[in-house]
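> Predicted structure and sequence below. I'll ask about it afterward.
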Amino acid sequence: KQEVTQIPAALSVPEGENLVLNCSFTDSAIYNLQWFRQDPGKGLTSLLLIQSSQREQTSGRLNASLDKSSGRSTLYIAASQPGDSATYLCAVQDDYKLSFGAGTTVTVRA
Amino acid sequence: EPEVTQTPSHQVTQMGQEVILRCVPISNHLYFYWYRQILGQKVEFLVSFYNNEISEKSEIFDDQFSVERPDGSNFTLKIRSTKLEDSAMYFCASKDRISVEAFFGQGTRLTVV
């Protein structure tokens, strides 16, 4: 059974600092890995999707890397802003479903 | 931009009552999913649905749950006799045949009292 772990569970940084969020998974037989953002009580906003054949994806200030063989992904957020405060979820896809981590809750202090 | 639509956004029901959560997937999508997130916990897979049948289901998806695609546009999740522990946010997602990405709706918050 796929287990997805995210470290740290929570992170508080001053505005402008770069963020590094980690995700690990136990079964490397994945199709892709996806990072989501979730605001309190709200839905899931897809940020980046990395296919298993890819090493990284970038969108604006966000960059995600994938090392499938070691079962790790990292999400980098450059020059953080208070609006980046949210919970960030990592999810890996096998044949039929996504398996989610518990998330990292980020607070960016102005 | 096409999106997955879920209704209602919030539903309150009495324990033991039946509820139906509704989803309108993106129109050309063929794969459909339900996930749930109990407050403060991980998002959990419930069921996937393709070609009018269940492709895979989790241990959570017991006989109290059922899914249906009653027409060409809706995808529903029914809980027959709700329990307090069914209180959660329920997310619907859909995917087309080619894309690797499933698109999520904004969720239905179910509160069982």
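Received the coordinates, thanks.
> And the strands in chain A, which stretches?
Secondary structure of chain A (DSSP state E): strands at A:4-7, A:10-14, A:19-25, A:32-38, A:44-51, A:56-59, A:62-67, A:72-77, A:86-93, A:98-100, A:104-109.
> nearest residue to A:Val106 other than its sequence neighbours?
A:Leu11 (5.1 Å; Cβ to Cβ, 6 or more residues apart in numbering or on different chains). In this view, the C-beta of every residue, glycine as well, is placed from N, C-alpha and C.
> That neighbour reaches A:Gly103, doesn't it?
No - using Cβ atoms under 8 Å as the test, A:Leu11 is too far from A:Gly103 to be in contact (10.9 Å).
> out of those two, which sits in the more crowded spot?
Taking neighbours as other Cβ atoms under 10 Å in any protein chain shown, A:Leu11 and A:Gly103 compare with A:Gly103 leading, 22 against 17.
> Let me have the strands of chain A in JSON lines, extended by mean pLDDT.
Compiled in JSON lines, the strands of chain A are given as follows (pLDDT from 0 to 100):
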{"stretch": "strand A:4-7", "mean pLDDT": "96"}
{"stretch": "strand A:10-14", "mean pLDDT": "96"}
{"stretch": "strand A:19-25", "mean pLDDT": "97"}
{"stretch": "strand A:32-38", "mean pLDDT": "96"}
{"stretch": "strand A:44-51", "mean pLDDT": "95"}
{"stretch": "strand A:56-59", "mean pLDDT": "96"}
{"stretch": "strand A:62-67", "mean pLDDT": "97"}
{"stretch": "strand A:72-77", "mean pLDDT": "98"}
{"stretch": "strand A:86-93", "mean pLDDT": "97"}
{"stretch": "strand A:98-100", "mean pLDDT": "96"}
{"stretch": "strand A:104-109", "mean pLDDT": "98"}
